[in-house]
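Colleague: Below are the sequence and a predicted model for it; my questions follow.
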Number of protein chains: 2
Amino acid sequence: MTGVDEGAVDLVRLIRGERLESVHRGHAVICDGRGEMVEAWGDPAALIYPRSACKMVQALPLVESGAGRDLTERQLAFACASHQGAAIHREMAAAWLADLGLAEADLRCGPQEPDDRPERDRLIRAHAEPCQLHNNCSGKHCGFLTLGRHLGAGPEYTEIDHPVQRAVRAAFDETCEFQSPAWGVDGCSAPNFTTRLDALGRAMGRFAAARADGDARARAMVRLRRAMGAAPELVAGERRACTDLMRAMSGEVAVKTGAEGVFVAIIPALERGIALKICDGGTRAAEATIATLLIRLGVLAAEAPVARTLTHGPIRSRRGLEAGRIEMAI
Amino acid sequence: MTGVDEGAVDLVRLIRGERLESVHRGHAVICDGRGEMVEAWGDPAALIYPRSACKMVQALPLVESGAGRDLTERQLAFACASHQGAAIHREMAAAWLADLGLAEADLRCGPQEPDDRPERDRLIRAHAEPCQLHNNCSGKHCGFLTLGRHLGAGPEYTEIDHPVQRAVRAAFDETCEFQSPAWGVDGCSAPNFTTRLDALGRAMGRFAAARADGDARARAMVRLRRAMGAAPELVAGERRACTDLMRAMSGEVAVKTGAEGVFVAIIPALERGIALKICDGGTRAAEATIATLLIRLGVLAAEAPVARTLTHGPIRSRRGLEAGRIEMAI
């Protein structure tokens, strides 16, 4: 088990003029449907926090337990979301809580200013504060509350020994086939469990190979990956990498970003899963690298606008002059 | 001459729970008043774009030429600023342009949404667009326009062969004692010249050792470093690292950030200059590293709130829970 920095390789280079300006290093793995690694860059054994890139794993107990029996496909997509707090996201969280007979104050994710411009501007014009519904993880937390209700557990569902988090941890370790050695508090105050990058890739490979006629876990995996692909606007939002990438692949591949430079992809048609971590936590590099690997596997068209922008740029000045470009090292 | 990545060392580590989550690598140098390197981390020969960290060098021709004879000390500080587009910054840029008989449209920096919250919110409530006055470089551009007027040059002052940029390049190469091998377009559309990190550190050492009874260049260096220290609120803005660091050092040290992880410091009392570059361009790591080096040199109190926050954290969840911390590798 090694650190996040050891054995990393150059993944993304930023060129200004004709000179290298900045470089991002990291690790990436591609796994098959049996969870075997088929390709790797850097150190597959790097221990990482998956952050929000494991939300579809965190949602497994919600589906498998039957707690989410009455949830719509759109709610399942929302449970896997790192959304940008747009009106559709706020409204979906509010309606879900109302279905449970709960309110915004029952969330434990904390308030967050929306990244969505129209909603941000609406709040500012109304002299209103952002609330927990706007938190990018509010969908995941609605899922946690639904599972907690089903389990008859108490309201502090983000505590490490709460039945919800015990169920999440079990699903995470089982899906990764790796016992998480540590955990930390995520940005939304829920526990986030460390894992090896290849173990996270294995989990994504399992998600990709799961069949609708399989066992309860396989069926839950199929429902969640389909839900994400069917509602990319709920998983992130307009002009966000996850949404634009899933749209460019017609919803047939599920992708998910995580804070601090993590990204994963689930590719059912090829039975392949991808997981990657940028050592410095750089989002721009994680986005460029996942796009490059999806192009490499033939599921994302290199000429799709989102693919072109994420992997080539250009980098522009504020007046719109072309100042540089992105170059992929892989 | 080497790339920005080669020979870099770990500088900043982000710990979540008790595990390493992300790492930033880079290079740093400390130079004395004669421009000699006295301490270094990573590769001092790394070729970098200084970006906005060289604004006090870009302002030298403005002062030395006599073009800025009638400028106030506050205007000189503003010429060295990467400000956040607060009302005081917008008003200062507008007044400076009016003094020149010019208007916002004569700037060539492009519009930018202010990072300053009150000004940002004011624009949104007024349904008004940000303008070029809000661009973080509008002070530098007012300086360019003033120099251009003095030189009797044309309006396209950001072009590489414009007399203003020729004067800037000469001052940059002379101060760094290194001929820049390349240039690129900066975020504000002005040319930005590459240099070696140790050469940028040398320039900062020269700034630190300059005396008010020296030659024209030395006098210009003294005026600019004093102007920055005397008006830290103009150089960046409220809750910004440059402003808070200069305030914590009672304005006796001038510091300046640059995009893509660059930071410099000018320490007259010790006749020392600092320059550093984070390979991945991470601002949080550049801020943590400059604070650490200022503490190390004894000019920043380790217990000052800004020093503590930049070098230790804590990292908190959106609900305010302590989730992790920053650890310095040097």
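Modeller: Perfect, I can see it now.

Colleague: Alpha carbons only: can I get stretch A:225-242 in CSV?
Modeller: Extracted in CSV, the C-alpha atoms of stretch A:225-242 (Å, rounded to 0.1, in the frame of the first residue of the first chain):
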residue,chain,number,x,y,z
ARG,A,225,-25.8,3.0,-13.8
ARG,A,226,-28.9,3.3,-16.1
ALA,A,227,-30.4,6.0,-13.9
MET,A,228,-27.2,8.1,-14.1
GLY,A,229,-27.0,7.7,-17.9
ALA,A,230,-30.7,8.5,-18.3
ALA,A,231,-30.6,11.8,-16.4
PRO,A,232,-27.1,13.3,-16.8
GLU,A,233,-28.6,16.8,-16.0
LEU,A,234,-29.4,15.6,-12.5
VAL,A,235,-26.0,14.0,-11.9
ALA,A,236,-24.1,17.4,-12.3
GLY,A,237,-25.8,20.2,-14.4
GLU,A,238,-25.4,22.4,-17.4
ARG,A,239,-21.9,23.0,-18.7
ARG,A,240,-20.5,20.4,-16.2
ALA,A,241,-18.1,17.7,-17.3
CYS,A,242,-20.1,14.7,-16.0
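
Colleague: residue ranges of the strands in chain A, please?
Modeller: A:9-16, A:19-32, A:37-41, A:47-48, A:183-185, A:191-193, A:195-196, A:254-258, A:262-267, A:272-278, A:315-316, A:322-328 (DSSP state E).

Colleague: As JSON lines, these with mean neighbour count and mean pLDDT would be great.
Modeller: Heads up, the C-betas are built off the backbone N, CA and C, glycines and all. Formatted as JSON lines, the strands of chain A follow (neighbours: other CB atoms under 10 Å in any protein chain shown; pLDDT from 0 to 100):
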{"stretch": "strand A:9-16", "mean neighbour count": "22", "mean pLDDT": "97"}
{"stretch": "strand A:19-32", "mean neighbour count": "26", "mean pLDDT": "98"}
{"stretch": "strand A:37-41", "mean neighbour count": "17", "mean pLDDT": "98"}
{"stretch": "strand A:47-48", "mean neighbour count": "25", "mean pLDDT": "98"}
{"stretch": "strand A:183-185", "mean neighbour count": "20", "mean pLDDT": "98"}
{"stretch": "strand A:191-193", "mean neighbour count": "25", "mean pLDDT": "98"}
{"stretch": "strand A:195-196", "mean neighbour count": "26", "mean pLDDT": "98"}
{"stretch": "strand A:254-258", "mean neighbour count": "27", "mean pLDDT": "98"}
{"stretch": "strand A:262-267", "mean neighbour count": "28", "mean pLDDT": "98"}
{"stretch": "strand A:272-278", "mean neighbour count": "29", "mean pLDDT": "98"}
{"stretch": "strand A:315-316", "mean neighbour count": "17", "mean pLDDT": "98"}
{"stretch": "strand A:322-328", "mean neighbour count": "18", "mean pLDDT": "98"}
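
Colleague: Dump those into a markdown table; add distance to chain B as well.
Modeller: A markdown table is the format used below for the strands of chain A (distance: least, CB to the nearest CB, whole Å):
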| stretch | distance to chain B |
| --- | --- |
| strand A:9-16 | 4 |
| strand A:19-32 | 4 |
| strand A:37-41 | 16 |
| strand A:47-48 | 7 |
| strand A:183-185 | 3 |
| strand A:191-193 | 8 |
| strand A:195-196 | 11 |
| strand A:254-258 | 11 |
| strand A:262-267 | 10 |
| strand A:272-278 | 8 |
| strand A:315-316 | 9 |
| strand A:322-328 | 4 |
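
Colleague: can I get those strands in JSON lines with distance to B:Ala259?
Modeller: Below are these laid out as JSON lines (distance: least, CB to CB, whole Å):
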{"stretch": "strand A:9-16", "distance to B:Ala259": "10"}
{"stretch": "strand A:19-32", "distance to B:Ala259": "9"}
{"stretch": "strand A:37-41", "distance to B:Ala259": "27"}
{"stretch": "strand A:47-48", "distance to B:Ala259": "27"}
{"stretch": "strand A:183-185", "distance to B:Ala259": "30"}
{"stretch": "strand A:191-193", "distance to B:Ala259": "30"}
{"stretch": "strand A:195-196", "distance to B:Ala259": "34"}
{"stretch": "strand A:254-258", "distance to B:Ala259": "23"}
{"stretch": "strand A:262-267", "distance to B:Ala259": "24"}
{"stretch": "strand A:272-278", "distance to B:Ala259": "19"}
{"stretch": "strand A:315-316", "distance to B:Ala259": "11"}
{"stretch": "strand A:322-328", "distance to B:Ala259": "11"}
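
Colleague: And those strands: which comes nearest B:Arg120?
Modeller: Closest to B:Arg120 of the strands of chain A is strand A:315-316 (CB to CB; 21.4 Å).

Colleague: Pull the residues that contact that closest one.
Modeller: By CB atoms under 8 Å, 6 or more residues apart in numbering or on different chains, the residues outside strand A:315-316 that reach it are A:Leu14, A:Arg16, A:Glu322, A:Ala323, A:Gly324, A:Arg325, A:Ile326.

Colleague: rerun that using 7 Å as the cut-off
Modeller: A:Leu14, A:Arg16, A:Glu322, A:Ala323, A:Gly324, A:Arg325 (CB atoms under 7 Å, 6 or more residues apart in numbering or on different chains).

Colleague: My read is that the third one contacts A:Pro314, right?
Modeller: Yes. Between A:Glu322 and A:Pro314 there is a contact under CB atoms under 7 Å: 4.7 Å.

Colleague: about what we covered before: for B:Asp186, find the nearest of the strands of chain A.
Modeller: strand A:322-328 (7.2 Å).

Colleague: which residues does the closest residue to A:Pro268 other than its chain neighbours contact?
Modeller: Excluding the flanking residues, the one nearest A:Pro268 by CB to CB, 6 or more residues apart in numbering or on different chains is A:Ala208, at 5.1 Å. Taking CB under 7 Å, 6+ apart, we find A:Ala208 in contact with A:Gly33, A:Ile266, A:Ile267, A:Pro268, A:Glu271, A:Arg272, A:Gly273.

Colleague: pretty sure the third one contacts A:Val253?
Modeller: Think A:Ile267. Yes. Contact criterion CB under 7 Å: A:Ile267 and A:Val253 qualify, at 5.0 Å.

Colleague: Are there residues contacting both of the two? Which ones?
Modeller: Residues touching both A:Ile267 and A:Val253 (CB under 7 Å, 6+ apart) are A:Val299.

Colleague: got the contacts of A:Ala208 as TSV, with distance to A:Gly68 columns?
Modeller: Converted to TSV, the contacts of A:Ala208 look like this (distance: CB to CB, whole Å):
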residue	distance to A:Gly68
A:Gly33	24
A:Ile266	19
A:Ile267	24
A:Pro268	21
A:Glu271	25
A:Arg272	26
A:Gly273	23
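
Colleague: Tell me how far A:Glu21 lies from B:Asn136.
Modeller: Using CB to CB, to the nearest Å, A:Glu21 is found at 18 Å from B:Asn136.

Colleague: Enumerate the residues of the stretch 101-250 of chain A near chain B.
Modeller: A:108-112, A:121, A:124-125, A:135, A:182-189, A:194 (CB under 7 Å from any CB of the partner chain).

Colleague: Can you turn the buried subset of those into a selection I can paste into ChimeraX?
Modeller: Buried residues among these (16 or more other CB atoms under 10 Å in any protein chain shown), as a ChimeraX selection:
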select /A:108,109,110,111,112,121,124,135,183,184,185,186,187,188,189,194
